[in-house]
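*Asks:* Fold the following.
(one chain, ligands or ions: 1)
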Amino acid sequence: MSDVQERTPKNLPDFDGLFREPSLATGIDLSIRGLGKSFGEKQILHGLDLKIPAGQFVAVVGRSGCGKSTLLRLVAGLDEPSEGEIRFGEGAGPRKNDHPVRVMFQEPRLLPWARLLANVEIGLGMQSSTRENTQSAQEALRAVGLGERAQEWPSVLSGGQKQRVALARALVSKPRLLAFDEPLGALDALTRIEMQGLLERIWLRDKFTALLVTHDVSEALTLADRVIMIEGGRITLDLDVDLPRPRRRGSVDLALLEEKILDLLLRKELDRPEYEI
Ligand SMILES: Nc1ncnc2c1ncn2[C@@H]1O[C@H](COP(=O)(O)OP(=O)(O)OP(=O)(O)O)[C@@H](O)[C@H]1O
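*Replies:* As a prediction, the model looks like this:
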């Protein structure tokens, strides 16, 4: 597992000169015990146990419908567990107000009638705009490389640029845990690779705890310290990805790990009763 302590700003790749100063945000521990979730008669998650130390980057993979987004929604406080508990930080109970988690979704969900700066300020709450909020939003836009475009409208942006605004909006409140639900799923391959680099650099700078739900095993392995696989509502793989960063796409180490995870996913698929002859 990567050592969080070693991620000092001096190791960081520069992005338009924007990553020299670390922000004050730091990650938070996440502890999940006996987590279950049912929708009506259908049980989706079964007694999940998971501990994520502050600052770790964890990717969650698994077949479509296995419950990845359900887990993320529970962690983000967007839904209530049917059983079990989710705790943040040393000994802290579930926090209703001042929730430490922000989410970035696959769709940017920008307000078309608000300029980019105002869209990012929304990440600080719906209170009226203050000078500090405007400054924070401007900094967040700068961090995603859109500082010069604060007064533009969402409609003039490409899909990748809209996702960068969504990232700025998620970052502006300096969350202690940032959850990503397929954030790059709708982007073309090149933009996706660029965005992966941006996500990694921002995470290295801010040291928040990261929970990434993705279909893309290669993306999980490029970004995460640890990859978790959910199958049948349970964690069936918990793999440390102990490779130096930034990771080289197409390297033998990554390819071997990817093959191992894909093999497991495919074998599980073949084991399913509907595939029996
Ligand atoms: N609000 C809901 N009401 C009823 N069923 C739901 C609800 N939310 C999710 N489900 C069901 O829970 C199961 C898991 O859904 P979830 O979205 O967590 O899967 P996923 O692994 O994220 O899938 P995908 O990779 O396709 O996005 C699915 O069968 C889904 O239909």
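*Asks:* Could you list the low-confidence segments of this protein?
*Replies:* For the chain, residues meeting the criterion pLDDT under 70 lie at 1-25, 90-98, 126-128, 268-277.
*Asks:* any chance you could map the helices in it?
*Replies:* Per DSSP state H, the chain carries helices over the ranges 68-75, 116-121, 131-143, 159-171, 189-206, 217-223, 252-271.
*Asks:* was I right about L264 contacting M229?
*Replies:* Yes. Taking CB atoms under 8 Å as the definition, L264 is a contact partner of M229 at 6.6 Å. C-beta here means a position set from N, CA and C on the backbone, and glycine is covered the same way.
*Asks:* what is in contact with these two at once?
*Replies:* Any residue near both L264 and M229 by CB atoms under 8 Å, 6 or more residues apart in numbering counts here, and that gives 236-237.
*Asks:* Those two: which is more packed in?
*Replies:* M229 (23 against 17; other CB atoms under 10 Å).
*Asks:* List the contacts of the more buried one.
*Replies:* Neighbours of M229 in contact, by CB under 8 Å, 6+ apart: 60-62, 235-239, 261, 264-265.
*Asks:* and what of A179?
*Replies:* 72, 75-76, 101-104, 210-213.
*Asks:* Buried ones among those?
*Replies:* Listed as buried from the contacts of A179 are 72, 75-76, 101-104, 210-213; burial here means 16 or more other CB atoms under 10 Å.
*Asks:* so which of those residues also contact the ligand?
*Replies:* Applying CB under 6 Å from any ligand atom to the buried ones among the contacts of A179, one finds that nothing falls near the ligand.
*Asks:* Out of those, which comes closest to the ligand?
*Replies:* Distance to the ligand across those (CB to the nearest ligand atom) is lowest for V213, with 6.3 Å.
*Asks:* I'd guessed the closest one sits against L72; true?
*Replies:* Yes. At 5.1 Å, V213 counts as touching L72 under the criterion of CB under 8 Å.
*Asks:* Name the residues contacting each of the two.
*Replies:* Contacts common to V213 and L72, judged by CB under 8 Å, 6+ apart, are 60, 179, 181.
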